[in-house]
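Chemist: Based on what follows, work out the 3D shape:
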Amino acid sequence: MTDFAAAVRNDLRRLVKGEVHFDDRARAMYSTAACAFEMEPLGVVAPKHARDVVRVVQYCRRHFIAITGRGAGSSVAGQAIGPGIILDFTRHMNRVTAVDRRARTARVQPGVVLGRLNRRLAREGLMFGPDPSSGAFCTLGGMVNTNAGGAHSLKFGTTRDCVTRLKVVLDDGEDAVLERAGPPKRGTRLGEILAGTLGLLRGFSAAISEAAPDAPKNSSGYHLFDVLHGRQADLHRLYCGSEGTLALLTEATLSLAPTPKRRTLAVLGYETGEAACDSVQSILRLGPSALEFVDDSTARLLLSYAPEAARWLGPPGAFLLVEFDDAPPRRLADLKRAAHPRSFLTPSPKEAAEVWRIRKAVSPALERRPGRGRSTRVNEDVCVHPSRVGEYVALVKRLQKKYGYEAAIFGHAGSGNIHVNLFVDTRDVNELERSQVLALEVYRSVKEMRGTMSGEHGDGMLRAPYMREFWGDLYGIFDALKSVFDPAGIFNPGKKLAPKGYRYSQDMRIGLRPAFTDSHVAKLIPIEQHLHRCNGCAKCHTYCPLYLEEPEEFSSPRAKVNLLMAAAQNRIELEELTGDRRFRKHLQACIRCRKCLTECPAGTDLPSIAEGFRSL
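Modeler: Next up is the predicted model:
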């Protein structure tokens with residue numbers, strides 16, 4: 001540890017009530033997340049309450065230290081990692097502070113897990129509508145900051161549409177409430193920010209209106225498009241999707257929806273993805289609550305992960321999942337006539353839950369694919385108007401063939417949000433560069449289609465290098481807005497707005513992971529194949545007995561993998577782990593538990609890792 005790091009650690013320990021960790025192991029555990037990137041922080045703080053957040057922000061502003069807020073670390077574009085202080089909100093700021101059944105609202109701290117919130121709301125006959133695939137373990141703070149959506153955003157909208165009020169800490173440490181506001185109050189930091197924001201929104205209203213995507217949802221750039229109302233601005237809507245780059249969230253007031261009395265799922269099979277896409281518009285006219293697309297190539301991978309799903313997915317090919325809430329019985333007959341599927345199945349409620357479980361596991365399950373190509377998210381979150389889904393899928397397939405890549409294609413067809421995960425040999429620099437050229441060609445076409453680079457996952461580090469070209473003149477307004485909120489640049493720097501010349505491949509971890517041949521820790525080579533399988537998705541937070549008993553990152557299987565990976569890369573000493581009784585005790589429990597073998601969608605074999613470690 002450097003003298004500077006030690007001084008910062010000591011200062012923060014005097015200032016805050018929560019935990020402060022600056023040791024090599026903490027830095028390694030928080031250096032990555034469910035993303036392709038790796039960046040070691042200066043240290044980690046788990047704030048006890050909002051006052052701790054205020055003190056950390058004030059300290060970091062004085063010393064120009066970056067701050068990155070973090071929930072479950074389930075964001076896929078690199079938003080949850082950074083070079084300065086990581087604020088882990090899951091340890092203490094994880095309470096549901098109020099539920100108002102009559103008003104259908106809930107107040108939550110940023111570390112509240114969506115799955116836990118919805119289990120509590122179910123007793124009141126309520127739910128929070130947006131449901132990303134990571135909903136069982138992602139946090140509300142992360143959902144607000146990426147403007148998360150999910151399969152049912154077709155009915156409920158994204159997180160931005162379901163938030164009414166936000167409490168944040170501004171760059172000078174001022175507590176502030178973001179809601180519909182105006183005119184600005186003089187003498188406060190929030191007043192200054194509101195005045196600057198209103199000036200930008202009014203001064204560039206024509207450019208903002210012209211650049212607005214023609215897509216049902218958008219998480220790229222800052223949301224300037226529908227927040228100005230005369231002399232007022234919806235600051236809470238503007239904040240949603242800002243990825244912690246404008247302020248730090250400490251509480252959100254959510255708008256809730258009644259739980260549907262009955263949900264009906266239909267699985268529609270097609271020979272090709274093109275045929276499935278051709279049915280999207282006719283299905284949308286029936287008013288489904290969800291309309292999901294899985295291409296034939298992705299379906300094959302899914303069946304290798306869950307062969308039991310063959311009884312639902314029908315013959316080989318692409319398929320659509322169509323769900324209706326509280327629909328009349330005749331709706332399924334209407335659907336069958338409108339959609340022209342090759343196969344048509346209606347799973348029971350229990351079977352439907354299993355189908356959704358498998359669908360939500362698609363992204364991490366792609367890590368199971370054999371071969372050198374790793375699942376990457378180069379251009380994985382494009383959103384276009386639903387009428388252009390078939391056009392976009394055809395574009396992607398044409399470019400795959402042109403550049404010689406295979407890909408998994410799936411996503412929320414009903415809202416035009418298609419995920420494309422390219423399989424790239426991340427150890428090959430030329431192949432990495434070629435994948436970025438492909439992405440640029442995709443984004444240029446998407447811009448012509450008036451779509452957006454991200455429908456729900458955000459820009460992070462992944463899409464930041466493309467922002468200038470994609471958004472054109474609007475990029476300068478984004479940059480000006482960032483300066484209005486955060487002139488010192490301490491809030492999650494490098495996300496959304498990348499330094500000129502930045503190429504995200506310079507911070508990629510998946511290119512480094514297999515590089516054990518240069519490691520001085522040759523003992524770890526036998527378990528290398530198991531270590532690089534983990535994609536950091538955080539699902540292990542839902543099933544690992546150790547984590548459920550001790551909900552801190554050190555107890556999670558993901559942390560074990562990251563620590564061993566750091567040792568293999570000589571970022572921490574292997575002896576720090578072999579000599580740690582708690583670490584060895586945890587891995588011994590993994591040998592007995594074996595839940596990762598059945599529950600981890602990426603297929604990370606913790607028992608084999610633990611056996612290999614025990615022999616060191």
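Chemist: tell me which helix or strand of the chain sits lowest on mean pLDDT?
Modeler: For the chain, the helix or strand with the lowest mean confidence is helix 528-531, at a mean of 75 (criterion: mean pLDDT, DSSP states H and E).
Chemist: What residues sit buried inside that helix?
Modeler: For helix 528-531, burial by neighbour count (16 or more other C-beta atoms under 10 Å) applies to Glu528, His530, Leu531. Where C-beta positions appear, they are placed from N, C-alpha and C, glycine not excepted.
Chemist: Tell me the one of the residues you listed nearest Thr164?
Modeler: The closest of these to Thr164 turns out to be Leu531 (C-beta to C-beta; 43.5 Å).
Chemist: tell me the secondary structure for the residue nearest the centre of the chain?
Modeler: Nearest residue to the geometric centre of the chain (C-alpha atoms, centre = their mean): Ser75, 2.6 Å. Using DSSP: H, G, I helix; E, B strand; the rest coil, the structure places Ser75 in coil.
Chemist: so who does it touch?
Modeler: Ala33, Ala34, Cys35, Gly142, Thr146, His457, Gly458, Gly460 (C-beta atoms under 8 Å, 6 or more residues apart in numbering).
Chemist: List the ones among the residues you listed that fall in helices.
Modeler: Under the assignment DSSP state H, those contribute Gly142, Thr146 to helices.
Chemist: Just the buried residues from the contacts of Ser75, in ChimeraX please.
Modeler: This is how ChimeraX selects the buried members of these, with burial counted by 16+ other C-beta under 10 Å:
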select :33,34,35,142,146,457,458,460
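Chemist: Can you pull the phi/psi pair for the residue nearest to the centre of the chain?
Modeler: With angles defined as degrees, to the nearest 10, Ser75 sits at phi -70, psi 140.
Chemist: burial of the closest residue to Ser279 other than its chain neighbours, as a residue count?
Modeler: Closest residue to Ser279 in three dimensions, ignoring its sequence neighbours and counting by C-beta to C-beta, 6 or more residues apart in numbering: Ala339, at 4.4 Å. Neighbour count for Ala339, taken as other C-beta atoms under 10 Å: 21.
Chemist: list the contacts for Ala339?
Modeler: Per C-beta under 8 Å, 6+ apart, neighbours of Ala339: Leu268, Ser279, Ser282, Ile283, Leu320, Val322.
Chemist: From Leu438, how far out is Glu448?
Modeler: Going from Glu448 to Leu438 by C-beta to C-beta, to the nearest Å gives 16 Å.
Chemist: before we move on, what about Ser454?
Modeler: Relative to Leu438, and taking C-beta to C-beta, Ser454 is found at 17 Å.
Chemist: For Ala290, give the beta-bridge partners.
Modeler: Glu323 (DSSP bridges).
Chemist: what are the phi and psi values for Leu178?
Modeler: The phi/psi pair for Leu178 (degrees, to the nearest 10) is phi -100, psi 120.
Chemist: wait, doesn't it sit right on His236?
Modeler: Yes. Leu178 is in contact with His236 according to C-beta atoms under 8 Å; the separation is 4.5 Å.
Chemist: Now for those two: what residues contact both?
Modeler: The contact lists of Leu178 and His236 share Arg165, Leu166, where a contact means C-beta under 8 Å, 6+ apart.
Chemist: More neighbours: these two, which one.
Modeler: The neighbour comparison of Leu178 against His236 (other C-beta under 10 Å) goes to Leu178, with 26 against 22.
Chemist: tell me the contacts of the more buried one?
Modeler: Arg165, Leu166, Lys167, Val168, Leu235, His236, Leu238, Tyr239, Ala247.
Chemist: in what helix or strand does the fourth one lie?
Modeler: Here Val168 is covered by strand 163-169, with elements defined by DSSP states H and E.
Chemist: So, low pLDDT: which residues of the stretch 51-200 of the chain?
Modeler: For the stretch 51-200 of the chain, no stretch has pLDDT under 70.
Chemist: Show me where it has its strands.
Modeler: Assigned by DSSP state E, counting those that start in this stretch, the stretch 51-200 of the chain shows strands spanning 67-70, 85-88, 96-100, 105-108, 126-127, 163-169, 175-178, 180-181.
Chemist: Give me the distance from the longest one to the chain's centre.
Modeler: On the basis of C-alpha atoms, centre = their mean, to the nearest Å, strand 163-169 sits 20 Å off its chain's mean C-alpha point.
Chemist: Which neighbouring elements make contact with it?
Modeler: The criterion is 3 or more C-beta pairs under 8 Å, 6 or more residues apart in numbering; DSSP states H and E, and the helices and strands that strand 163-169 contacts are helix 50-63, strand 175-178, helix 235-239, strand 248-255.
Chemist: residues of it that come out buried?
Modeler: Val163, Arg165, Leu166, Lys167, Val168, Val169.
Chemist: Could you dump the residues you listed into TSV and include distance to Thr90?
Modeler: Putting these into TSV (distance: C-beta to C-beta, whole Å) gives the following:
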residue	distance to Thr90
Val163	20
Arg165	22
Leu166	19
Lys167	18
Val168	18
Val169	18
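Chemist: Let me know the closest of those to Ser415.
Modeler: So of the buried residues of strand 163-169, ranked by how close each gets to Ser415 (C-beta to C-beta), first place is Val163, at 18.1 Å.
Chemist: Report the separation between Asp214 and Cys383.
Modeler: The gap separating Asp214 from Cys383 is 10 Å, by C-beta to C-beta.
Chemist: between the two, what contacts are shared?
Modeler: Here Asp214 and Cys383 share the contacting residues Gly451, scored by C-beta under 8 Å, 6+ apart.
Chemist: Among those two, which residue is more densely surrounded?
Modeler: Using other C-beta under 10 Å as the criterion, Asp214 and Cys383 rank with Cys383 on top: 30 against 14.
Chemist: ok, Ala394 - how many residues close by?
Modeler: With other C-beta under 10 Å as criterion, Ala394 counts 14.
Chemist: and the closest residue to it other than its chain neighbours, how many neighbours does it have?
Modeler: Excluding the flanking residues, the one nearest Ala394 by C-beta to C-beta, 6+ apart is Glu274, at 6.8 Å. If you count neighbours by other C-beta under 10 Å, Glu274 ends up with 15.
Chemist: and the strand or helix carrying Glu274, how far from the chain's centre?
Modeler: Under the criterion of DSSP H and E, Glu274 resides in helix 273-278. Centroid separation between helix 273-278 and its chain, computed with C-alpha atoms, centre = their mean, is 27 Å.
Chemist: ok, and what's touching that helix?
Modeler: Contacts of helix 273-278 (C-beta under 8 Å, 6+ apart): 268, 270, 293, 295-296, 318-320, 342, 389-390, 393-394, 397, 409, 413.
Chemist: Distance to Phe583 for the helices and strands packed on strand 163-169 - can I get that in CSV?
Modeler: Formatted as CSV, those follow (distance: least, C-beta to C-beta, whole Å):
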stretch, distance to Phe583
helix 50-63, 28
strand 175-178, 39
helix 235-239, 39
strand 248-255, 31
